[in-house]
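# got a predicted structure here, sequence first:
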Amino acid sequence: MLFKLKFDTVIAILLMLLGIVFWVDIGTAPYRVRYYPRYIILIMFVPVVILFVRSLIPKYREKLPDLQLRLNRKVLFCIVSTLIYILLIPLVGYYSTTFIFITGVMVFLGARKWFIIVPVTIGMIVFVYFMFTRLLLISLPKGFLF
């Protein structure tokens, strides 16, 4: 009998791997900054482990949908644009790359009102700036633009 992957099992494994990567990566941050992200990772791990264990119990497993790998155009665009965004941050800089990324994704996903797109994008950048640069004292990557 072939073991079929369930959607919840795959999501739980991916979230656990992501948590482990973040846990290891945050170890390089300054001592004072490590606490908050590590608490968030630990808090995230509790429901992820519960999800993983429940996805393996036959009683709950029968009710879960099978993993279906169908990517539509919007999902594929978001994945590709996110990878390009991550690669461009060190080169171009966080602020300019983020402005282009958020604006582009919003327009692609159907937002057409510029009086909403621009304030949301700028608001997000300002929020992240104050959260990381001022509150957590972590400098964001600067490239040749900003």
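Good, I have the coordinates.

# ok, L88 to V33 distance?
In this structure, L88 and V33 are 25 Å apart, going by CB to CB, to the nearest Å. To be clear about C-beta, it is placed using only N, CA and C from the backbone, and glycine gets the same treatment.

# neighbour count winner among those two?
Just comparing L88 and V33: by other CB atoms under 10 Å the higher neighbour count belongs to L88, 18 against 15.

# how about that one, what does it touch?
Applying CB atoms under 8 Å, 6 or more residues apart in numbering to L88 gives the contacts 97, 143.

# kindly recompute the last result at 10 Å.
94, 96-98, 100-101, 141, 143 (CB atoms under 10 Å, 6 or more residues apart in numbering).

# next SSE after the helix or strand bottoming out on mean pLDDT in the chain?
Of all helical and strand segments in the chain, the minimum by mean pLDDT, DSSP states H and E falls on helix 58-61, at a mean of 70. Once the chain leaves helix 58-61, the next helix or strand it forms, by DSSP states H and E, is helix 73-92.
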